[in-house]
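A.B. asks: I'll drop the sequence and a predicted model, then ask my questions.
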Amino acid sequence: MPQLNQTIERSLQISRNVASLLDRRVRSANEAWTDRVRRAQSAFVQSGVPGHGINPQQLWQDWWQYGVDFAQRSILFWDTLRERGNNWIAHEEAGKPPLLAYNYEVIADGRGYERPVNYALLRIIPPKGVDIDDTLRPFIIIDPRAGHGPGIGGFKEDSEVGVALKAGHPVYFVVFYPDPEPGQTLADITDAEAEFVRIVALRHPQSAKPVLVGNCQGGWAVMMLAAARPDMTGPLVINGAPMSYWAGNDGDNPMRYAGGLVGGAWVSLLASDLGAGTFDGAHLVQSFENLNPANTFWEKYYHLFDDVDDEAERFLEFERWWGGFYMMNEEEIRWIVNNLFVGNKLAQGEARLGPGRYFDLKSIKQPIIVFASMGDNITPPQQAFNWISDLYSSTEEIKANGQTIVGLIHEDIGHLGIFVSGKVAKKEHTQIIEVLKYIQALPPGLYGMEIHEKTARDGSVAYDVTLHERKLEHLKRMQKYDRVDEKPFEAVAALSELTERAYELLVRPAVRDATPEWAARLLRDMHPLRVQRWGFSDRNPLLAGLPVAASMARAWRRPRAADNAGRRAEKLFSECVSAAFDLYRDLRDATREAAFFQVYGNMLSLQMADQRAVIRRQTPFDARALPAVRQVLDEIDQGGLPEAVIRTGMLIVKAGGGKRSIAQMEHTRQLLAPTGVLRGLSEDELRRLLHEQTLVVEFESLQAKRSLGKLVRGAGDRIKLHKVFDSLEADAGLDARQRNLLGELRTLVPLPMTPPSGRVAGTARKRPAGATRKPVAGTARKRVGSAKRRT
């Protein structure tokens, strides 16, 4: 009975919150619309009302000029849409090749594998004047397979591909073909991508493990691959990747409610059955377009119409990619919807590709860079970052597991801008590549990446990158509300299981029988996104005279002046139309959000969610209880000079508040290079030592200082360590606390005494020829300590 009362109270509270939220959203939408229209009217009036203060002759000239320009722009506008249709048809007939701005060669084709998949590995051929260093870490970029075709990561010169090439890295690109291979699964794709990574590593034996870059849904593909094959990949970069699909802020992220409003995953099965076993990617593209009806139905076309002389080329270039619709089979879309969109199983460690093939994101040992944007309404930062708090209970657990996670958040760029914006490529993606040079030397933990822009006197722009150590609690600041709003999504997942079974038993047989292959092709051809392309192309005989009219308009082009009265009136009209579309969107999203929480937040839905899974309770996590942590702390005084140097650096950084700049990391590398202390360590050995010493400094910082002398028992090693002290002390960037700590470490690890003869005490005398050397106690452990210990 108490549990029932608790459930009823929870449901009533959700209903009250929904009513309050809906009222607030409706008032906010009306205020935003009113304010936007008023500002547009004010700007119009301030620029001068048409006809006011102008002689009749000038007014007549303005409107005549505007009329001629309007007619010519109209012809050129429709002709551009005709060109878009022709480009779409040509792209379809060519097999929809990747739309990359660079030449490439096919290195591996997954269609020929034992388990064939429609994926291939390309090597990007660098353009003339770009030199590639094969000893640098290669980049492998994986584009999203979310309805569109591949190429967004290398769509322009200023792109992820472009900045990696300019930095001298070999670049590879994973693409996919329009149609899936019969019977291919996500497990087959993951295995094929692992083979691609192996091929790239073999092609670059002198370089470190490849960097994997995943865009949008390519991000979770990269994470799945790294979790399945943790020893194969290098650092991971996931850009705008939705890892935690239930996350988001109420009122800001309407797309997360879509699965619940249609009753779960059964709709994807229906779409696949209507496609004769093939899911049409145009459905996904249309759902993206519906998020912003103002842009879909008005703004992008008005921008073209307003500046058709210069905007047409950019419009056609982007539409070539946006209009390339790719297919999935039923198995793929079903796994994606059940495990990601509706089930949210990847972040919870419940996603699997087959019997015994679960994905444990904790098994990823390589550093991870997560890039998201506050202006992204498709993959908001909560969806990009909340998997961390789903996976870990504290920052200490992240460190205990040896994971290094770096977060970067843009203030306002949209979802596509993360991948295609030239400004983002020059700034964020370029600095990410710079950080990757040092990220393997970054101790385990959670970091925030900040990029500060500096403009020199000559106008050149430089960037200063700083990494700040963060706590897991910082992620909660991105949430306007408690994550209790994710509770109803568990009810969606429970209902989805029921509706999916009901559809398979009651509806699917009839749908399959009624949809032969020819009918599925007809439905695809008649999709609205395709009709608007082939219907407005040279295939339409009604447009036969349009090319001639467009040629005449270009030949006799008479553009209106920038301050033309008609143009200003046109701008006002466009702004009002766009504001009306935004008002419709805001009211629509508010209504859908309220309906979602009212349906799935009621008592029955909450009970379904409770029955589906035991709610994860935040239990205190004691990292010291982990066997690996206990072993490291038990051997805190064992090791050698490499351990001592790394521990010293971590103690200094911790005393300075955990702040690291790229310039400081490069300076430290230059300081240590002459000593040769870390020269013989492989990348994996360095990561292991960083993990061990992070645990030591994090959990036993006092003992870490006191036992430092036991790591350097030999006189030669102590002298080298003191040279490191000297180099650090000479650094002007240290604060008072860090300098005091250095003095304390000098006291704890004194230099060996020097006898009158000038020989350093503890060093070996020169042995006569043929004499044997007696090993010094502790030196054997010192020399092999880095390879002997295991975590």
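C.D. replies: Arrived safely.
A.B. asks: Next one: residue 302 from residue 593, what distance?
C.D. replies: Per C-beta to C-beta, to the nearest Å, residue 302 is found 29 Å from residue 593. (C-beta placed from N, C-alpha, C; glycine too.)
A.B. asks: oh, I was asking about residue 329
C.D. replies: Plainly put, residue 329 is 32 Å away from residue 593 if you go by C-beta to C-beta.
A.B. asks: Please apply the same query to residue 325.
C.D. replies: Distance of residue 325 to residue 593, given as C-beta to C-beta: 29 Å.
A.B. asks: Between residue 329 and residue 593, tell me which one has more neighbours.
C.D. replies: A direct count of neighbours by other C-beta atoms under 10 Å for residue 329 and residue 593 places residue 593 higher, at 23 against 20.
A.B. asks: Check which helices and strands the helix or strand where that one lies sits against.
C.D. replies: With secondary structure defined by DSSP states H and E, residue 593 is part of helix 565-600. Secondary-structure packing of helix 565-600 (3 or more C-beta pairs under 8 Å, 6 or more residues apart in numbering; DSSP states H and E): helix 2-46, helix 56-93, helix 258-261, helix 293-294, helix 300-306, helix 487-502.
A.B. asks: ok, 7 Å please
C.D. replies: helix 2-46, helix 56-93, helix 258-261, helix 293-294, helix 487-502 (3 or more C-beta pairs under 7 Å, 6 or more residues apart in numbering; DSSP states H and E).
A.B. asks: Turn those helices into JSON lines, columns for distance to residue 637.
C.D. replies: Shown next, in JSON lines, are the helices and strands packed on helix 565-600 (distance: least, C-beta to C-beta, whole Å):
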{"stretch": "helix 2-46", "distance to residue 637": "52"}
{"stretch": "helix 56-93", "distance to residue 637": "66"}
{"stretch": "helix 258-261", "distance to residue 637": "55"}
{"stretch": "helix 293-294", "distance to residue 637": "65"}
{"stretch": "helix 487-502", "distance to residue 637": "48"}
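A.B. asks: where do the strands sit along the stretch 51-200 of the chain?
C.D. replies: With DSSP state E, counting those that start in this stretch as the criterion, the stretch 51-200 of the chain has strands at 104-109, 119-124, 139-142, 171-176.
A.B. asks: Which of these has the highest mean neighbour count?
C.D. replies: Highest mean neighbour count of these: strand 139-142, a mean of 27 (counted as mean count of other C-beta atoms under 10 Å).
A.B. asks: List the neighbouring strands of that strand plus their orientation.
C.D. replies: Paired strands of strand 139-142, with direction, are strand 171-176 (parallel), strand 211-215 (parallel) (DSSP bridges).
A.B. asks: Just the mean pLDDT for it, thanks.
C.D. replies: What strand 139-142 shows for mean pLDDT is 96.
A.B. asks: ok now it, how far from the chain's centre?
C.D. replies: For strand 139-142, the separation from the chain centroid amounts to 13 Å (computed by C-alpha atoms, centre = their mean, to the nearest Å).
A.B. asks: Ok, stretch 403-410 next?
C.D. replies: For stretch 403-410 - counting by C-alpha atoms, centre = their mean - the centre lies 10 Å from the chain centre.
A.B. asks: ditto for stretch 595-603
C.D. replies: With C-alpha atoms, centre = their mean, you get 31 Å for stretch 595-603.
A.B. asks: mind listing what's buried in it?
C.D. replies: For stretch 595-603, burial by neighbour count (16 or more other C-beta atoms under 10 Å) applies to 596-602.
A.B. asks: Give me the contacts around it.
C.D. replies: With contacts defined as C-beta atoms under 7 Å, 6 or more residues apart in numbering, stretch 595-603 is touched by 7-8, 11, 14-15, 18, 257, 260-261, 488, 491-492, 605.
A.B. asks: Of the residues you listed - the most surrounded one?
C.D. replies: residue 492 (29 neighbours).
A.B. asks: Pick out the residue closest to the middle of the protein.
C.D. replies: Nearest to the geometric centre of the chain sits residue 239, at 1.8 Å (C-alpha atoms, centre = their mean).
A.B. asks: May I have the residues that are in contact with it?
C.D. replies: 214-215, 219, 371, 418-419.
A.B. asks: Check these and tell me the two furthest apart.
C.D. replies: Spatial extent of the contacts of residue 239 (C-beta to C-beta) is set by the pair 214 and 418 at 11.8 Å.
A.B. asks: out of the helices and strands packed on helix 565-600, nearest to residue 561?
C.D. replies: helix 56-93 (6.8 Å).
A.B. asks: For that closest one, what is the distance to the chain centroid?
C.D. replies: Helix 56-93 sits 38 Å away from the centroid of its parent chain (C-alpha atoms, centre = their mean).
A.B. asks: Report the buried residues of it.
C.D. replies: Neighbour counts using 16+ other C-beta under 10 Å place 62-63, 65-66, 68-69, 72-73, 75-88, 91-92 of helix 56-93 among the buried residues.
A.B. asks: Please work out the average pLDDT along it.
C.D. replies: 91.
A.B. asks: same question, stretch 15-35
C.D. replies: In this model, stretch 15-35 has an average pLDDT of 87.
A.B. asks: List the buried residues for it?
C.D. replies: Neighbour-count burial for stretch 15-35, counted by 16+ other C-beta under 10 Å, picks out 17-18, 21-22, 25, 29, 33.
A.B. asks: got those as CSV, with distance to residue 750 columns?
C.D. replies: Listed next are the buried residues of stretch 15-35 as CSV, based on distance: C-beta to C-beta, whole Å:
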residue, distance to residue 750
17, 64
18, 68
21, 66
22, 71
25, 68
29, 71
33, 74
